[in-house]
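> Here is my input, please return the structure:
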Amino acid sequence: MAKIINLQAFKDFLRSGQIGGILLMVCVAISLFIANSSYKDGFSALLATDFGFTFGSGSYVFTVSAWINDALMAVFFLLVGLEIKRELVEGELSSIKKASLPVVAALGGMLVPAFIYFILNKDTATASGWGIPMATDIAFALAIISMLGKSVPASLKIFLAALAIVDDLGAILVIAIFYTNEVHFHYLLMAGGVLALLLVFNFFKIKPLYFYLIPGVFLWYFIHHSGIHATIAGVLLALTIPTNSDNTESPLEKLEHLLNGPVNYFIMPIFALANTNITFQKEMLSGLVSPLGLGIVTGLFAGKTIGVTLFSWLAVKLKLGTLPSQAGWKHIIGLGMLAGIGFTMSIFISLLSFSDEMHVTEAKFAILCASVIAGLIGFVFLKSIKGKGPVKA
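Have a look, this model is predicted:
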C-alpha cells in the first residue's frame, strides 16, 4: 500500500511537472515579449517597487523582485527538499542499489559542465559563474520526456526525475557553500535555534504542519539576514517534516501534495516571468561565443550529455548500478541531452554569480539558447530510437 501511495505521489509530481513546464514556456514567451516592447520600462519599475511592512523594530520591506527570488523561491526549494527527503526515505534514492546510478550520473552531469565552464572562463571577470551549467530544470526536463509518451521506457522517466532531484541537491549545496558572500553569525545562531526546535518536533513525531510552517517563516527570516541565501531555509525546513513508510499519508506527503499546484502553476511561472526579461541586442549573438556564453552553452549541452553518459557507463562497468529497465545507452545519451535544460536553477545561480547586469543578461540569453538546443535535440534523438529493449551505443 505504501508503494501505491509513493507511486501516486510520483505520478502527481510528473503530471504537475509536465503541465507546469508548458506554463513555464508560456511565461518565458510573455516575459521576452514584454522585455522587447514598450512595456519593458514599466515592468522593470514594477519589479523594483518596494513592498512589505514593518513590525516593531523589524523591517519586512523588499522589492517585488526580491520577494520573488528570495521568498517565493524558498517555497520552491521547500518542495524540492520534500522530494529529496521522500526519495531518500522510500523512493528511488532509498537504497544504495537504487540510488547509485542516478547519483553517479548526476555527479557527472554537475562536474563535467562546471569543469568546461571553468576552463573557458579561467582568469576572466565571469569565472564565478561556474555553477550555472551544473543545474537541470526538473519541470522543463520532465515536461519534454513526458511528451515522448511510450516512445521511451517508463523507467527512464523515473531515472530522469531521480537524477534531477540529486542535481538540485547539488545545486543547493553549491549555492550555500560558494555563493554566500558574508555571514552574520548572530542571525545564523537564531536560525540554528529554530532548526533545533523543528528537529525536536520531528523527534517527538508531532504531525500538525503548522508546528513546522510557522517556525519555518522565522527560519527563513533569520537565514535571509544571515547572509546565506534565504532559499536554503526551504530545504532545511523540508528535512524536518515527518514522513513514514506505511499506508497512512504522512505530513511530508500532505505538504508535498498541497505545494505541487502552487509551485508549478504559480511560483515557477512567476519566477520565469520576472527573470527571463531579456532585451535582445545584436551584441548578444557575439556574446554566445564569448567565454561566458560558450561556457554556458557548451557546459549545459555537451557537458551534461558527456557527464551523465560517461559517469553512468563507469557506474555500470564498476557494477555500482544497472541501466533502467528496457533502456539502452542511446536512451542514456538522450537523457543526458535533456539534463542540459538548465533553465530555472541556472538563471537563479546566474543572478547570484554576477553583479554586472550585462553579464547577467548574457548569461540568461546563453541559458535560454542552451536549454532550447538541449530540449529540441534531446526530444528528437529519443524519439528516433527504435524498439523498447536495450539499445547498444
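
> which residues touch the residue nearest to Met73 when sequence neighbours are not counted?
In space, and not counting its chain neighbours, Met73 is closest to Thr231: 5.0 Å by CB to CB, 6 or more residues apart in numbering. Any C-beta I mention is one placed from the backbone N, CA and C, and that applies to glycine too. Thr231 makes contact with 70, 73-74, 76-77, 172, 175, 348, according to CB atoms under 8 Å, 6 or more residues apart in numbering.

> Look at Gly293 and give its secondary structure.
Reducing the assignment at Gly293 to three states with DSSP: H, G, I helix; E, B strand; the rest coil gives helix.

> Now for it, how many residues are close by?
23 (other CB atoms under 10 Å).

> Distance check, it against Leu78.
33 Å (CB to CB, to the nearest Å).

> Could you do Tyr187 as well?
Distance check for Tyr187 against Leu78: by CB to CB, it reads 20 Å.

> Ala139 too?
Separation of Ala139 from Leu78 (CB to CB) stands at 15 Å.

> So for Pro242, what's the nearest residue that isn't a sequence neighbour?
Per CB to CB, 6+ apart, closest to Pro242 is Pro251, 4.9 Å.

> same thing with Ser100?
Gly321 (4.0 Å).

> Mind checking what secondary structure the one you found has?
Per three-state DSSP, Gly321 ends up coil.

> quick one: low-confidence ranges for the protein?
1-18, 56-59, 92, 387-393 (pLDDT under 70).

> make it 50
Low-confidence segments of the chain, defined by pLDDT under 50: 391-393.

> the strands in it, which residues?
Per DSSP state E, the chain carries strands over the ranges 50-55, 58-63.

> Run a quick neighbour tally on the residue nearest to Thr240 when sequence neighbours are not counted.
Among residues not flanking Thr240 along the chain, Leu198 sits closest, at 3.9 Å (CB to CB, 6+ apart). Counted with other CB under 10 Å, residues neighbouring Leu198 total 21.

> In contact with Leu198, which residues?
212, 215-216, 219, 237, 240.

> and with 7 Å instead?
Shown in contact with Leu198 (CB atoms under 7 Å, 6 or more residues apart in numbering): 212, 215, 237, 240.

> next one: Pro153
324-327, 331, 388.

> again, but for Leu111
Per CB under 7 Å, 6+ apart, neighbours of Leu111: Gly307.

> how close does it get to Phe76?
On the measure of CB to CB, Leu111 and Phe76 end up 24 Å apart.

> now do Phe204
When distance is defined by CB to CB, Phe204 is 29 Å away from Phe76.

> If you count surrounding residues, which of these two has more?
Phe76 (23 against 10).

> isn't that one right next to Val263, touching?
Yes. Judged on CB atoms under 7 Å, Phe76 makes contact with Val263 at a distance of 5.4 Å.

> gap between the two ends of stretch 62-77?
Taking CA to CA, to the nearest Å as the measure, stretch 62-77 stretches 20 Å from start to finish.

> Would you mind listing the outside residues contacting that stretch?
46-52, 172, 220, 224, 230-231, 233-235, 259, 263, 267-268, 270-271, 274, 348, 351.
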